[in-house]
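1. with the sequence up front, the predicted model follows.
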Amino acid sequence: MGTGYLQVKTSTSDYIPVKSKITVIHNGDILHTIETDENGITENIALEAPPKEQSLDPDFEGVPYSTYNVKADTLGFASSYIHGVQIFDTITSVLAITMLPESDSPLTNEHIVPMHQVHSPSQSTMCKPGVYPSEVIIPQFITPHPDKPQIPFIDYIKKAASQHAYPTWPESAIEATIYAIASLAHCNTHVWENPEHTQVFSNISEMVDLVYNRYIMHDDSPFFAEFSDGRHNTCPGLWQWGAVKLAERGHDALEILRHYYPADIQLVETHNFQAQEPEDMQKQKTGGNSFEKLLTMLIASRIIESCRTEYL
């Protein structure tokens, strides 16, 4: 067996750190009990995980990571119980838990971390039409699903990438996937619609911090970068397992992308950021009346008409 690591962060819904007691459970047995510090963060907890080589083998049929359950308790807050936290060999998994006041929630909030999308046979491909605005703006917040709350754009990319790439993969294969996910997000195509109950992996998080404002450009326009795992599902775009093999041969992220997409694509960096308030705060100020919703729909339809649709 290998060894992976877990770090837990607890905070309120306003991102205020909360000191909590964290319990790590596996097969019904309590393995660790530890407290978060004044910043709401635990020390790294060492946990057993399958050897790294399993997550690098596209023909491996088993699950290349271990799963653990994590319980967080804080005085005055409802307990949180997270099932299925994924631990990979050599990797630090970061689990952020939002603690809710007892008065606003059940005694225990239970959530399940979905199976990793690379392993899951039900992984959906991104093979569908998309629209791209003529100008790329990095939003402060993103709504991955109409029924889900807004989250910061950079957090969405971190969580989506953590669920669509094994953190043990070579860096350039992970980086190529990040560019595809970010590019799809700019054309309002979201590959991960349930990000609030997802951990991130520290190495992927650090990489996103460096490259989240880059996107794929082709023929002077942003590019719709569809992708699939290339094993359970295939798509006329990036094949992730193929990207792993190219990365192992020494190819960088751009070379990998050009292998699957047009050979003249470019990676472009933008510093065009959009400052905005979370949607719930906007509704509190505006009231969110029907006229505003109608106006928003009309504006959106005009934007879509002006967007360029690009297919592979």
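-> Looks like it arrived, so ask away.
2. what is the neighbour count of residue 24?
-> 21 (other Cβ atoms under 10 Å). Where C-beta positions appear, they are placed from N, C-alpha and C, glycine not excepted.
3. no, scratch that, I was asking about residue 63
-> Residues within reach of residue 63, counting by other Cβ under 10 Å, total 15.
4. pLDDT at the residue nearest to it when sequence neighbours are not counted, what is it?
-> Among residues not flanking residue 63 along the chain, residue 119 sits closest, at 5.9 Å (Cβ to Cβ, 6 or more residues apart in numbering). We have a pLDDT of 86 for residue 119.
5. which stretches of the protein form helices?
-> Assigned by DSSP state H, the chain shows helices spanning 153-164, 171-186, 202-211, 240-248, 253-260, 279-286, 290-306.
6. put the alpha carbons of the second one into CSV.
-> Provided in CSV are the C-alpha atoms of helix 171-186 (Å, rounded to 0.1, in the frame of the first residue of the first chain):
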residue,chain,number,x,y,z
GLU,A,171,1.8,17.6,-14.7
SER,A,172,1.3,18.4,-18.4
ALA,A,173,-1.6,16.0,-18.8
ILE,A,174,-3.3,17.6,-15.8
GLU,A,175,-2.6,21.1,-17.2
ALA,A,176,-4.1,20.2,-20.6
THR,A,177,-7.3,19.1,-18.8
ILE,A,178,-7.4,22.3,-16.9
TYR,A,179,-7.2,24.4,-20.1
ALA,A,180,-10.0,22.3,-21.6
ILE,A,181,-12.3,22.7,-18.5
ALA,A,182,-11.6,26.4,-18.3
SER,A,183,-12.2,26.9,-22.0
LEU,A,184,-15.5,25.1,-21.8
ALA,A,185,-16.6,27.1,-18.8
HIS,A,186,-16.1,30.3,-20.7
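7. now that helix: buried residues?
-> Of the residues in helix 171-186, 172-186 count as buried by neighbour count, 16 or more other Cβ atoms under 10 Å.
8. contacting residues for residue 269?
-> 213, 214 (Cβ atoms under 8 Å, 6 or more residues apart in numbering).
9. end to end, how far does stretch 64-82 reach?
-> With Cα to Cα, to the nearest Å as the measure, stretch 64-82 spans 20 Å from end to end.
10. now for the residue nearest to residue 63, how many residues are close by?
-> By other Cβ under 10 Å, the residues close to residue 119 number 18.
11. again, but for residue 32
-> For residue 32, using other Cβ under 10 Å, the count is 16.
12. same deal with residue 207?
-> As a burial measure, residue 207 scores 21 neighbours (other Cβ under 10 Å).
13. how about the contacts made by it?
-> Listed by Cβ under 8 Å, 6+ apart, the contact set of residue 207 reads 161, 171, 174, 175, 178.
14. not counting its neighbours along the chain, what's nearest the last one?
-> Closest residue to residue 178 in three dimensions, ignoring its sequence neighbours and counting by Cβ to Cβ, 6+ apart: residue 161, at 5.0 Å.
15. touching, the one you found and residue 175? I think so.
-> No. Using Cβ atoms under 8 Å, residue 161 is not in contact with residue 175, being 9.3 Å away.
16. that older thread, quick check on the residue nearest to residue 63: phi, psi?
-> phi -80, psi -30 (degrees, to the nearest 10).
17. so how far is residue 211 from residue 154?
-> Distance of residue 154 to residue 211, given as Cβ to Cβ, to the nearest Å: 11 Å.
18. brain fart, residue 82
-> Distance from residue 82 to residue 211, by Cβ to Cβ: 28 Å.
19. compare these two (neighbour count), which wins?
-> Ranked by neighbour count (other Cβ under 10 Å), residue 82 and residue 211 place residue 82 first, with 20 against 16.
20. who does the closest residue to the more buried one other than its chain neighbours bridge with?
-> Among residues not flanking residue 82 along the chain, residue 70 sits closest, at 4.7 Å (Cβ to Cβ, 6+ apart). Taking DSSP bridges, one finds residue 24, residue 82 as the beta-bridge partners of residue 70.
21. my read is that residue 70 contacts residue 87, right?
-> No. Residue 70 lies out of contact with residue 87 (Cβ under 8 Å); the separation is 10.7 Å.
22. per-residue pLDDT, residue 225?
-> pLDDT, residue 225: 89.
23. distance of it from residue 17?
-> Taking Cβ to Cβ, one finds residue 225 at 36 Å from residue 17.
24. who's more crowded, the two?
-> Per other Cβ under 10 Å, whichever of residue 225 and residue 17 has more neighbours is residue 225, with 29 against 16.
25. now do the contacts for that one.
-> Residue 225 sits next to 179, 180, 183, 184, 216, 237, 238, 257, 261 when contact means Cβ under 8 Å, 6+ apart.
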